[in-house]
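here is my input, please return the structure:
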Amino acid sequence: MKKTVLVLGTLILVLAAADAFGRGPQWGGLSTIAVSPDGKMLVAGGQSRVLYVLDAATMEVKNRIWTEARIGFVAFNKDGTRLVLETDEPGLRLYDTSTWKPVGRVDKADWTSTAPAADLMAAIQDEWEKSTIHFISMTTLAAAGSVEFKGRAAAFALDAEGKKLAVLTEYKEEGEKKAEDKDKPENLEGLAASEWDQKNDGYTCKLLLFEVPSGKPLGSFDLWYTSTSGLGSTDILLDKSFVYVINYYNVCAKIDEKGAVALFETKNSYNYGRGISADRKFILTGGMRDGTYTTVEGMKMVQFETDTLPGWPEYFESFAFAADGTAFGVTSGFRIVKITKEGRMEKASPLY
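Got it, this is the predicted structure:
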């Protein structure tokens, strides 16, 4: 039997669940970055277990906070007074950005999707037979509701207003006949070949939509399209009319309000790192050195590249956006890359 305990005096929310590792760096180096609401501050973290606070204009390090655990995700609340941090401890921590002291935590809830404009985040409590997504204040960690569904999530996301939640479930071998490789038409290439594979691989999943914070079901769609299994390989952008699925293997999907799927891909080969703007207007994806800045309206894509570091290849890990569309990416090479709102790489700075 599960239980939820909320102690308001100390801002500690304990969610009983199976033990698991939380979100840590995917490729080593820096794994996450966030831009303050006023655009003046950056925070970044990753493999070194240090939370770096930087001046956004100069990328000069202003503070270093030892967190003990590897850092997988950071996000500012609406007014920038609080920072949500995920580690591989697992769980969520809340920091006061004036003192950089921890002021609360949420245990055993991870893979956060945030909607700062609504002061809301969604975090999952994941099990084999069913999953629970909790809605939590980004400022106080107060519980705001939850939704439970069968199975496990491959990805989930709030919309910009914090009023809807989309969940893409992990793939299952059901509801679709698996074709033989010899049956695949020889002339298929690119996305046409990917679509044939998806429709004939024997795997299906569900797209679930819920009202937030009530958890009321808004829709359930059986899809021939499936994404990479497991949280961390897929991201979702949910806007008023579509759900966009962006994944590591770059077989991405645009799903309409009736569950119809159209595949698309970014200009880089693989999407090692991914980022979505708080207003859900922009997407950034990055591979090895190269990246794609996508404007969601019209799906306009601009490609950019960084300079080459010697030695082991450098991977993009994640991205964050300022309010004006300027963005910052972090890499496995401990670098922060600034990208203009036109999609051009402006500079890359090492962080140490």
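
dump the residue contacts of L223.
With contacts taken as C-beta atoms under 8 Å, 6 or more residues apart in numbering, L223 has the following neighbours: 204-207, 255, 259, 261. Every C-beta, even on glycine, is put in place using the N, C-alpha and C of the backbone.

ok, E60 next?
Counting by C-beta under 8 Å, 6+ apart, the residues that E60 touches are L54.

that one and T99: what is the separation?
20 Å (C-beta to C-beta, to the nearest Å).

re the thing from before, out of the contacts of L223, the closest to L158 would be?
Set against L158, the nearest of these by C-beta to C-beta is L207 (14.9 Å).

the closest one contacts Y244, doesn't it?
No: assessed by C-beta atoms under 8 Å, L207 is found out of contact with Y244, at 11.6 Å.

what do the two both touch?
Any residue near both L207 and Y244 by C-beta under 8 Å, 6+ apart counts here, and that gives I255.

all strands of the stretch 101-250 of the chain, in order?
For the stretch 101-250 of the chain, the strands defined by DSSP state E, counting those that start in this stretch occupy 101-107, 110-115, 120-126, 130-137, 143-150, 153-158, 164-169, 205-211, 217-223, 234-238, 243-247.

mean pLDDT and distance to V330 added to those, as CSV?
Shown next, in CSV, are the strands of the stretch 101-250 of the chain (pLDDT from 0 to 100; distance: least, C-beta to C-beta, whole Å):
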stretch, mean pLDDT, distance to V330
strand 101-107, 94, 22
strand 110-115, 94, 17
strand 120-126, 91, 20
strand 130-137, 95, 25
strand 143-150, 95, 29
strand 153-158, 96, 20
strand 164-169, 97, 25
strand 205-211, 97, 30
strand 217-223, 97, 32
strand 234-238, 97, 15
strand 243-247, 97, 17
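
now distance to K281 too, for the ones you listed, in JSON lines please.
Shown next, in JSON lines, are those (distance: least, C-beta to C-beta, whole Å):
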{"stretch": "strand 101-107", "distance to K281": "29"}
{"stretch": "strand 110-115", "distance to K281": "14"}
{"stretch": "strand 120-126", "distance to K281": "19"}
{"stretch": "strand 130-137", "distance to K281": "23"}
{"stretch": "strand 143-150", "distance to K281": "25"}
{"stretch": "strand 153-158", "distance to K281": "14"}
{"stretch": "strand 164-169", "distance to K281": "16"}
{"stretch": "strand 205-211", "distance to K281": "20"}
{"stretch": "strand 217-223", "distance to K281": "22"}
{"stretch": "strand 234-238", "distance to K281": "9"}
{"stretch": "strand 243-247", "distance to K281": "11"}
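
which stretch among those strands comes nearest K184?
Closest to K184 of the strands of the stretch 101-250 of the chain is strand 217-223 (C-beta to C-beta; 20.3 Å).

direction included, what does the closest one pair against?
strand 205-211 (antiparallel) (DSSP bridges).

who's in contact with the strand it pairs with?
Against strand 205-211 from outside (C-beta under 8 Å, 6+ apart): 147, 149, 151, 154, 163-172, 216-223, 225-227, 243, 255, 259.

okay, buried residues for it please.
205-210 (16 or more other C-beta atoms under 10 Å).

what's the answer for stretch 105-125, then?
105-116, 118-125.

with just CA atoms, put the strand or helix carrying Y52 into CSV.
According to DSSP states H and E, Y52 maps onto strand 50-55. Only the C-alpha atoms of strand 50-55 are listed here, as CSV (Å, rounded to 0.1, in the frame of the first residue of the first chain):
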residue,chain,number,x,y,z
VAL,A,50,28.8,20.8,-8.5
LEU,A,51,26.0,23.3,-9.2
TYR,A,52,27.6,26.2,-11.1
VAL,A,53,26.0,29.7,-11.0
LEU,A,54,27.1,32.0,-13.9
ASP,A,55,26.6,35.4,-15.3
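
give me the sheet partners of the helix or strand following that strand and which way each runs.
Per DSSP H and E, the first helix or strand lying C-terminal to strand 50-55 is strand 61-66. Sheet pairing of strand 61-66 (DSSP bridges) gives strand 50-55 (antiparallel).

who touches the strand it pairs with?
40-45, 60-67, 71, 74, 85, 95, 100, 336, 351.

run the last query once more with 7 Å
By C-beta atoms under 7 Å, 6 or more residues apart in numbering, the surrounding residues in contact with strand 50-55 are 41-45, 60-67, 71, 85, 100, 351.

repeat for stretch 273-290
So stretch 273-290 is contacted by 116-117, 159-160, 235, 237-239, 246, 266, 268-272, 291-297, 303, 305-306, 308, 313-321, 325, 327, 329, 339 (C-beta under 7 Å, 6+ apart).

repeat that with 6 Å
Applying C-beta atoms under 6 Å, 6 or more residues apart in numbering, the external contacts of stretch 273-290 come out as 116, 160, 235, 237, 239, 246, 266, 268-272, 292-294, 296, 305-306, 313, 315-321, 327, 329.
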